[in-house]
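Novice: Task: produce atomic coordinates for the following.
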Amino acid sequence: MRRTARPLSGAMAGAALAVAAVGALAVNTAPAYAADGGGTLEVYPSSAVPGGQVSVNTKACGDKASAAGDASAVGAGPFTLAPSAHEGDAIGQFRVPESAQPGTYEIVAECAEGGRRVTGDLVVTLTAAQGQAQPRGSVKTGVGGALGRDPAQTAAGVAALAVAAAGGTWLLHRRARGDGI
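Specialist: Numbering: from 1, shown residues only. This is a model prediction of the structure:
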């Protein structure tokens, strides 16, 4: 029996291309950090507000090495990363200036031994942007409220609307019967 090749449908062709692309990425993708024990600068918290304290650490400098940090991009200036007992990290801190504008800033550290340079990102946000603020109060539109606080006035308004609706219905009913007004 002879088999003929059939072209793939649009959905099948798309799925085949997606599988091929994922396979190619899996083969050619390097990890996000260097294989020598970490080549990144970790920034915590990664998102801060002006005036907030930020900690940075890296394993890139070795167990007992220090580093010179630079947060000039955000306006904080230089800071020092000192060796710590925490798994060979070099750790440092700086404060985000009150004048910092919202945005993403590159924080840099250069190892004292070997001059290796590592970077990390800090996102500066405004206080209101961090948490979801719930609106409070009323909107000043210039139009008064339909219902007052007095239950007697509210009942009188509802009764007036009911009488108007009943009268309008009665008039429409008479007109439909041909009685006229």
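Novice: Quick check: which ranges of the chain have low pLDDT?
Specialist: Applying pLDDT under 70 to the chain flags the ranges 1-39, 127-149, 180-181.
Novice: all strands in it, in order from the N-terminus.
Specialist: Taking DSSP state E, the strands of the chain run over residues 42-44, 47-48, 53-58, 67-70, 78-83, 90-95, 103-111, 117-124.
Novice: Tell me which of those strands sits nearest to Ala164.
Specialist: strand 47-48 (57.5 Å; CB to CB). (Glycine included, C-beta is placed from N, CA and C.)
Novice: what's that closest one in contact with?
Specialist: 54, 96, 122-125, 130 (CB atoms under 8 Å, 6 or more residues apart in numbering).
Novice: Turn these into CSV, columns for distance to Ala156 and neighbour count.
Specialist: Listed next are the contacts of strand 47-48 as CSV, based on distance: CB to CB, whole Å; neighbours: other CB atoms under 10 Å:
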residue, distance to Ala156, neighbour count
Val54, 63, 23
Val96, 60, 20
Leu122, 62, 26
Val123, 57, 13
Val124, 57, 21
Thr125, 52, 15
Gln130, 49, 12
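Novice: quick one: which of the residues you listed is nearest Val43?
Specialist: Looking across the contacts of strand 47-48 and measuring by CB to CB, the closest to Val43 is Leu122, at 5.0 Å.
Novice: List the beta-bridge partners for the closest one.
Specialist: Tyr105 (DSSP bridges).
Novice: For the nearest residue to Asp89 once chain neighbours are set aside, list the residues it contacts.
Specialist: Spatial nearest neighbour of Asp89, chain neighbours left out: Asn57 (4.3 Å); criterion: CB to CB, 6 or more residues apart in numbering. Contacts for Asn57 were tallied using CB under 8 Å, 6+ apart; they are 41-42, 44, 81, 84, 86, 89-92.
Novice: that older thread, do you know which of the strands of the chain lies nearest Arg177?
Specialist: strand 47-48 (72.1 Å).
Novice: Could you give the number of residues near the residue nearest to Asp70 when sequence neighbours are not counted?
Specialist: With CB to CB, 6+ apart as the criterion, Asp70 has its nearest non-adjacent residue at 4.6 Å, and that residue is Val108. For Val108, the neighbour count with other CB atoms under 10 Å is 18.
Novice: Looks like Val108 contacts Arg116 (just checking).
Specialist: No: counting by CB atoms under 8 Å, Val108 stays clear of Arg116, with 11.2 Å between them.
Novice: State which helix of the chain is the longest.
Specialist: helix 151-177 (DSSP state H).
Novice: Give the other helices and strands that that one contacts.
Specialist: If contacts are counted by 3 or more CB pairs under 8 Å, 6 or more residues apart in numbering; DSSP states H and E, helix 151-177 sits against no helix or strand.
Novice: Alright, calling it a day.
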